[in-house]
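[1] No letters, just coordinates:
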């Protein structure tokens, strides 16, 4: 959640006064660049939220595609953790609909319960996020989605069954990656979608999925 704030100006060491009625401040170069960056970030976030809402509004896919989507969200949005000495699966997302989607899919596909918690924005994170945590049945979830291999070792990229999956299931992979860590660029320039991957292996697996679609 963005709030209008008047940044200190480097030219006058914070002694200048903003123009009354003008939220952009005094008009010094540093101030103008600050507001330009804030507006750009806000617009990009708003557009990304709109697109994610539209993606979530699409008709439900077959179970295998939804499982591919869930697995990719869990891989790109979080991962495996230890809570009280026990395995837990946790994701942290900045889109409420995506968090609800994770909880729905873990329940429908795996029969596993989950909890969610809103994390307020802070100095390190510009927006509030939703943390989804699975503790009960986390082992089952990690094994069935492929976050753990058959030797119970964490998978650094995406499970092999996804990278070699049919084209229809790759749609679920791309959808899950976008819902977890996707950003739609400012429409003022050439339109792109950026996805932040947790590891190089996960990034390469996603590139491979894109090349097959």
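    Received it, and whenever you're ready, just let me know what you need. Just so it is clear, the model here is predicted, and its values are computed rather than measured.
[2] Please spell out which residues along stretch 168-181 are buried.
    Buried positions in stretch 168-181, judged by neighbour count with 16 or more other Cβ atoms under 10 Å: 169-181. C-beta coordinates here come from the backbone N, C-alpha and C atoms, glycine included.
[3] From the chain's centroid, how far away is that stretch?
    11 Å (Cα atoms, centre = their mean, to the nearest Å).
[4] repeat for stretch 77-86
    Between the centre of stretch 77-86 and the centre of its chain there are 18 Å (Cα atoms, centre = their mean).
[5] Contacts for it, please.
    Here stretch 77-86 makes contact (Cβ atoms under 8 Å, 6 or more residues apart in numbering) with 87-93, 98, 102, 132-133, 135, 138, 142, 147-148, 154, 179-181, 198.
[6] hang on, the earlier thing: which of the buried residues of stretch 168-181 fall in helices?
    Counting by DSSP state H, these place 169-181 in helices.
[7] Dump these to a markdown table, plus pLDDT and distance to residue 109.
    A markdown table is the format used below for those (pLDDT from 0 to 100; distance: Cβ to Cβ, whole Å):
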| residue | pLDDT | distance to residue 109 |
| --- | --- | --- |
| 169 | 95 | 13 |
| 170 | 95 | 18 |
| 171 | 94 | 16 |
| 172 | 96 | 11 |
| 173 | 96 | 15 |
| 174 | 96 | 18 |
| 175 | 96 | 15 |
| 176 | 97 | 13 |
| 177 | 97 | 18 |
| 178 | 97 | 19 |
| 179 | 98 | 15 |
| 180 | 97 | 17 |
| 181 | 96 | 21 |
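[8] Let's have the residues you listed in a markdown table, adding distance to residue 212.
    Below are these laid out as a markdown table (distance: Cβ to Cβ, whole Å):
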| residue | distance to residue 212 |
| --- | --- |
| 169 | 11 |
| 170 | 6 |
| 171 | 11 |
| 172 | 13 |
| 173 | 10 |
| 174 | 10 |
| 175 | 15 |
| 176 | 16 |
| 177 | 14 |
| 178 | 16 |
| 179 | 20 |
| 180 | 20 |
| 181 | 20 |
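[9] Closest one of these to residue 159?
    Lowest distance from residue 159 to those (Cβ to Cβ) belongs to residue 173, with 10.1 Å.
[10] Surely residue 128 touches residue 118?
    Yes - when contacts are counted by Cβ atoms under 8 Å, residue 128 is listed as touching residue 118 (5.9 Å).
[11] Comparing these two, which residue is more hemmed in?
    Between residue 128 and residue 118, counted using other Cβ atoms under 10 Å, the more crowded position is residue 128 (13 against 10).
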